[in-house]
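Participant: need coordinates for the following:
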Amino acid sequence: MVNRLNLCPAKNEEESLWLDYYPQLQRYCHFLAQNQWDGDDIAQETIFKALKHYNHTQKISSALLNKMAYNHWIDQVRKRKNETIEAEVDLNKVVSKNQVDQIMATVDFILEQFTPKQAVIFLLKEGFQYQLNEVAELLNTTEMAVKANLFRAKQRLEKAKDEGTVEKYWDEEERELLSELFYESLKLQDPAILIENVPQIKSVVDLPKLVSLPKRTHSPVSTLCMAA
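Facilitator: Numbers count the residues shown, from 1 in each chain. Model (predicted):
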């Protein structure tokens, strides 16, 4: 009687691997992966690699299969770690881009809604939480004047559609300068960048006092969003 398995040596070899080695290999792979699904995947992949690279079952042993399974598991761990790192990098890029977009939108909003003086006062008071008397000292004006400008600025927010445009109050060069100063101050969360350059903004202050005001630690973008 002819042994039918001998007619298919590759089939015989595969069956031998599954019957003789797979149960033990499977248990080892479950131990490596610490879960059944990943363990089964590692065990099956190990058997397929063994069949591909070894022609005779006598060359294969439990120790060899365990070593192949371990190496495959290490490769999987490294691959997942790299994928996680790449995902974190991509997420950081998205967060960074969103922050930039938010800052730019905030700057555009301030410039479109307020006059130059109102814009500076609003950013220092609502964004960086300076006191009225501190802003007044910086702009060489009175606390009442600062308070009045801030009140009118908030009124513009409440009645934006009825207040009309503020374009007539703006000089193009001053707009570009303030846009850059606002952006950098918000991005770095450092009002000193704006304060140091206020003397260049003639429509904001004519003869400013160069004062050193305390640095604020608030998050200006989120504060401005709440104020707006």
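
Participant: in stretch 27-44, which of the residues would be classed as buried?
Facilitator: In terms of neighbour count (16 or more other Cβ atoms under 10 Å), stretch 27-44 has its buried residues at Tyr28, Cys29, His30, Leu32, Ala33, Gly39, Ile42, Ala43. All C-beta spots, glycine's among them, are computed from the backbone N, C-alpha and C.

Participant: where does the prediction get shaky in the protein?
Facilitator: Across the chain, the stretches falling below the confidence threshold (pLDDT under 70) are 1-18, 55-58, 82-98, 160-165, 205-228.

Participant: can you give me the helices in it?
Facilitator: With helices called from DSSP state H, the chain shows them at 9-20, 22-33, 36-53, 62-113, 116-122, 132-138, 143-158, 160-163, 172-188, 192-195, 220-227.

Participant: and those helices, which is most packed in?
Facilitator: The highest mean neighbour count among these belongs to helix 116-122 (a mean of 24), with neighbours defined as mean count of other Cβ atoms under 10 Å.

Participant: burial count for the closest residue to Ala50 other than its chain neighbours?
Facilitator: Nearest residue to Ala50 in three dimensions, chain neighbours excluded: Ile60, at 5.6 Å (Cβ to Cβ, 6 or more residues apart in numbering). Applying the criterion other Cβ atoms under 10 Å, we find 21 residues in the vicinity of Ile60.

Participant: redo the buried residues of stretch 27-44 as CSV? Include distance to His53.
Facilitator: Listed next are these as CSV, based on distance: Cβ to Cβ, whole Å:
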residue, distance to His53
Tyr28, 19
Cys29, 18
His30, 23
Leu32, 20
Ala33, 22
Gly39, 21
Ile42, 16
Ala43, 16
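
Participant: and of these, the nearest to Phe122?
Facilitator: Checking these against Phe122 by Cβ to Cβ gives Ala33 as the nearest, at 57.5 Å.

Participant: this protein - how does it break down into domains?
Facilitator: By the assignment in automatic domain parsing, the chain contains the domains 4-78, 92-227.

Participant: distance of Ser62 from His72?
Facilitator: 15 Å (Cβ to Cβ, to the nearest Å).

Participant: and stretch 182-197, C-alpha only, in PDB?
Facilitator: Extracted in PDB, the C-alpha atoms of stretch 182-197 (Å, rounded to 0.1, in the frame of the first residue of the first chain):
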ATOM      1  CA  PHE A 182       1.000  90.700  18.300                       C
ATOM      2  CA  TYR A 183       1.800  87.400  16.700                       C
ATOM      3  CA  GLU A 184       5.300  87.100  18.200                       C
ATOM      4  CA  SER A 185       4.000  88.200  21.600                       C
ATOM      5  CA  LEU A 186       1.200  85.600  21.600                       C
ATOM      6  CA  LYS A 187       3.400  82.900  20.200                       C
ATOM      7  CA  LEU A 188       6.100  83.300  22.800                       C
ATOM      8  CA  GLN A 189       3.600  84.400  25.500                       C
ATOM      9  CA  ASP A 190       5.900  87.400  26.100                       C
ATOM     10  CA  PRO A 191       4.300  90.900  26.100                       C
ATOM     11  CA  ALA A 192       7.800  92.500  26.300                       C
ATOM     12  CA  ILE A 193       8.100  92.100  22.500                       C
ATOM     13  CA  LEU A 194       5.100  94.400  22.100                       C
ATOM     14  CA  ILE A 195       6.000  96.700  25.000                       C
ATOM     15  CA  GLU A 196       9.500  97.400  23.700                       C
ATOM     16  CA  ASN A 197       8.200  98.400  20.300                       C
END
